[in-house]
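Chemist: coords below, sequence missing:
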């Protein structure tokens, strides 16, 4: 598996697996009318220190992470990141590799810490994975996420110094 | 004290006391280059269910709160709010009145809960006030705010069901 910076011409391949994840509305609190162009701007076009990486397996893009300041101004030393993995490449350590790479990249780019604001509790794979990478659950936001089939479920706020 | 919806022509009077608060960078993690037009768009122009109220004393605007969904999409049932009070009207219960009004308004507008993401720990007056209104500190974000004179200080993530 190769982890590298995403390139502009990766987008079509990325969007192919990102689109069903976005449309499922099970893991991201994104606008209900989220479009490809909104997502591309969010993921690909924010200026540095925002960054985005892809995991490549056999020449195909298996997953991606984007990193950006969690808050502007006096909060901009803490990073936030979002991850999406192509289910076709599940159980091959793509999420873990992207998580490790994102933590390293955020540190290299000068961030002091990584914060995740909205890890949906029903996304148990992600919760376990981030905990195993040293992200601590600082709080559970009670019923913070309206899951399309599970109803109101908690969200983990996770944090780790870098 | 009268609490009422902000009107477009209130802005000049609001900005007069908001500007020093914004420029001090001690309580809001906003962009370092925050302008009046950015702030007016953030505070005054977001579509419903976003809302903004002012506290009026003797015909003058003493403080304001703006309310909006904390997250889009599947997180949009939780509100977030920001408050600014004119220091010239300090110690007259303006913050408390605006806090109570914001909780009531958010509930009336259908929000399930109120979440504050970034109550700066050095802002002890605000921390005590929000606790007294039933907001619970679910987490302290360690060093999440770079205070211009105090250095890295914690931020409270607060939450209350409505």
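Modeler: Received it, and whenever you're ready, just let me know what you need. None of these values were measured; they are calculated from a predicted model. Numbering: from 1, shown residues only, chains lettered A, B, ... in the order given.

Chemist: Chain B contacts on chain A?
Modeler: Residues of chain A lying close to chain B (CB under 8 Å from any CB of the partner chain) are A:25, A:28-32, A:34, A:71-78, A:112-113, A:115, A:117-118, A:138-148, A:152, A:155, A:157, A:159, A:161. Bear in mind the C-beta positions are built from the backbone N, C-alpha and C, glycine included.

Chemist: host element of the most centrally placed residue in chain A?
Modeler: Nearest to the geometric centre of chain A sits residue A:82, at 1.6 Å (CA atoms, centre = their mean). In this structure, residue A:82 sits in strand A:78-85 according to DSSP states H and E.

Chemist: which secondary structure elements does that strand contact?
Modeler: helix A:11-24, strand A:60-69, helix A:94-108, strand A:113-120 (3 or more CB pairs under 8 Å, 6 or more residues apart in numbering or on different chains; DSSP states H and E).

Chemist: Now do the last one and strand B:113-120, the angle between them.
Modeler: Going by axes from the mean of the first three to the mean of the last three CA atoms, to 10 degrees, strand A:113-120 is angled at 180 degrees with respect to strand B:113-120.

Chemist: got it, and the second one?
Modeler: Regarding strand A:60-69 and strand B:113-120, their directions subtend 60 degrees when assessed with the same axes, to 10 degrees.

Chemist: again, but for the first one
Modeler: Interaxial angle, helix A:11-24 versus strand B:113-120 (the same axes, to 10 degrees): 130 degrees.

Chemist: And helix A:11-24, what's buried?
Modeler: A:11, A:13-14, A:17-18, A:21-22 (16 or more other CB atoms under 10 Å in any protein chain shown).

Chemist: Then stretch A:107-121?
Modeler: Taking 16+ other CB under 10 Å as the criterion, stretch A:107-121 shows A:111-121 as buried.

Chemist: possible to save those residues as TSV with pLDDT?
Modeler: Output for the buried residues of stretch A:107-121, formatted as TSV (pLDDT from 0 to 100):
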residue	pLDDT
A:111	98
A:112	98
A:113	98
A:114	98
A:115	98
A:116	98
A:117	97
A:118	96
A:119	98
A:120	98
A:121	98
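
Chemist: Between all of these, which two are at the greatest distance?
Modeler: Using CB to CB, the pair of those lying farthest apart is A:112 and A:121, separated by 26.5 Å.

Chemist: residue contacts, the nearest residue to residue A:87 once chain neighbours are set aside?
Modeler: Excluding its sequence neighbours, the residue lying closest to residue A:87 (CB to CB, 6 or more residues apart in numbering or on different chains) is residue A:17, at 7.2 Å. Contact partners of residue A:17, counting by CB atoms under 8 Å, 6 or more residues apart in numbering or on different chains, are A:61, A:63, A:84-88.
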